[in-house]
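> Below are the sequence and a predicted model for it; my questions follow.
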Amino acid sequence: MQNLGIQVLFQGNNFLRLWEGLWVSLKLAVTSMFFSICLGMLFGMVMTSTNKFVRFLCRLYLETVRIMPQLVLLFLVYFGAAKHLNVNLSGGTAAVLVFTFWGTAEMGDLVRSALESIPVHQYQSGYALGFGIIGVYRHIIVPQTIRRLLPSMMNLLTRMVKTTSLVVLIGVIEVVKVGKQIIDASRYTVPDAALWVYGVIFVMYFAVCYPFSRAAALLDKKLRD
């Protein structure tokens with residue numbers, strides 16, 4: 001039975017299909033993370049505004065994203081856009097929109113905390129040197145913020161990679177979907193195929209996420225030292 005389980009993995013191009021499915025997951029996560037970083041940097045700066053109404057709106061957005069499960073957001077965007085807006089989004093596009101919406105909120109809060117952790121005299125020193133507000137952020141604040149954000153950014157990317165497994169429910173052919181197809185095709189001949197297939201998927205996720213987790217831990221230790 002063990003040999004049969006291994007044969008299922010290497011039968012035809014099953015193993016290659018799993019890697020292709022993992023590549024789809026990575027593309028979704030990296031694309032979403034790129035937009036999340038760009039928009040999150042801006043959102044984090046807005047969150048530090050002294051305007052109470054602006055801060056209330058930012059907090060409302062952040063708490064809404066945190067309270068609502070990503071799966072619900074996926075369904076709202078994928079099915080809701082088609083029904084109410086008459087816009088037929090592909091599963092991949094809907095996933096990127098949802099993960100960017102979620103990632104921007106999380107990234108923004110990380111940026112906000114990083115900005116608020118920078119001592120006030122850093123701003124004052126920049127103004128004293130003749131920099132305007134843009135120059136202060138560009139040459140002094142943003143470089144320090146990015147250094148402090150790197151460990152948290154990698155952790156967020158790791159979470160995003162794992163969360164891409166939800167997109168199977170809106171028809172995206174990623175690694176979990178491919179695994180299910182392989183299991184369904186061999187469920188009569190190899191009853192324990194699921195154990196082997198999902199075991200390989202676990203190893204694939206681990207191989208992708210562990211280096212990011214270790215890098216985040218090392219960066220965090222280096223910054224603290």
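Received, thanks. Note that the structure is predicted; figures quoted are calculated from it, not measured.

> list the contacts for the closest residue to residue 141 other than its chain neighbours?
Nearest non-adjacent residue to residue 141, counting by C-beta to C-beta, 6 or more residues apart in numbering: residue 118, 6.1 Å away. For every residue, glycine as well, the C-beta is placed using N, CA and C. Under the criterion of C-beta atoms under 8 Å, 6 or more residues apart in numbering, the neighbours of residue 118 are 141, 144, 145.

> From residue 209, how far off is the nearest residue to the last one once chain neighbours are set aside?
If the residues on either side of it in the chain are set aside, residue 145 comes closest to residue 114, at 4.6 Å by C-beta to C-beta, 6+ apart. As judged by C-beta to C-beta, to the nearest Å, residue 114 and residue 209 stand 23 Å apart.

> need the next SSE after the lowest-mean-pLDDT helix or strand in the chain, C-terminal direction.
In the chain, no helix or strand scores lower on mean pLDDT, DSSP states H and E than helix 2-10, which sits at a mean of 61. Next helix or strand after helix 2-10 toward the C-terminus (DSSP states H and E): helix 14-47.

> Is there a quick ChimeraX command that grabs whichever of the contacts of residue 118 are buried?
The ChimeraX selection below is limited to those of the contacts of residue 118 classed as buried (16 or more other C-beta atoms under 10 Å):
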select :141,145
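
> so who does residue 69 touch?
Residues near residue 69 by C-beta under 8 Å, 6+ apart: none.

> And stretch 115-131, what's buried?
Within stretch 115-131, the residues that count as buried by 16+ other C-beta under 10 Å are 115, 123, 126, 131.

> let me redo that: stretch 203-218
For stretch 203-218, a neighbour-count test (16+ other C-beta under 10 Å) marks 204, 205, 208, 209, 212, 216 as buried.

> Which residues are in contact with the residue nearest the centre of the chain?
Residue closest to the mean C-alpha point of the chain, counted by C-alpha atoms, centre = their mean, is residue 160 at 2.7 Å. The contact partners of residue 160, taken as C-beta under 8 Å, 6+ apart, are 29, 32, 33, 36, 99, 103.

> The same query, at a cut-off of 10 Å, please.
Contact partners of residue 160, counting by C-beta atoms under 10 Å, 6 or more residues apart in numbering, are 25-26, 28-33, 36, 70, 99-100, 102-103, 106.

> From the contact counts, what lies against the helix or strand hosting residue 222?
Using DSSP H and E, residue 222 falls within helix 193-224. In terms of contacts (3 or more C-beta pairs under 10 Å, 6 or more residues apart in numbering; DSSP states H and E), helix 193-224 is packed against helix 2-10, helix 14-47, helix 142-163, helix 175-185.
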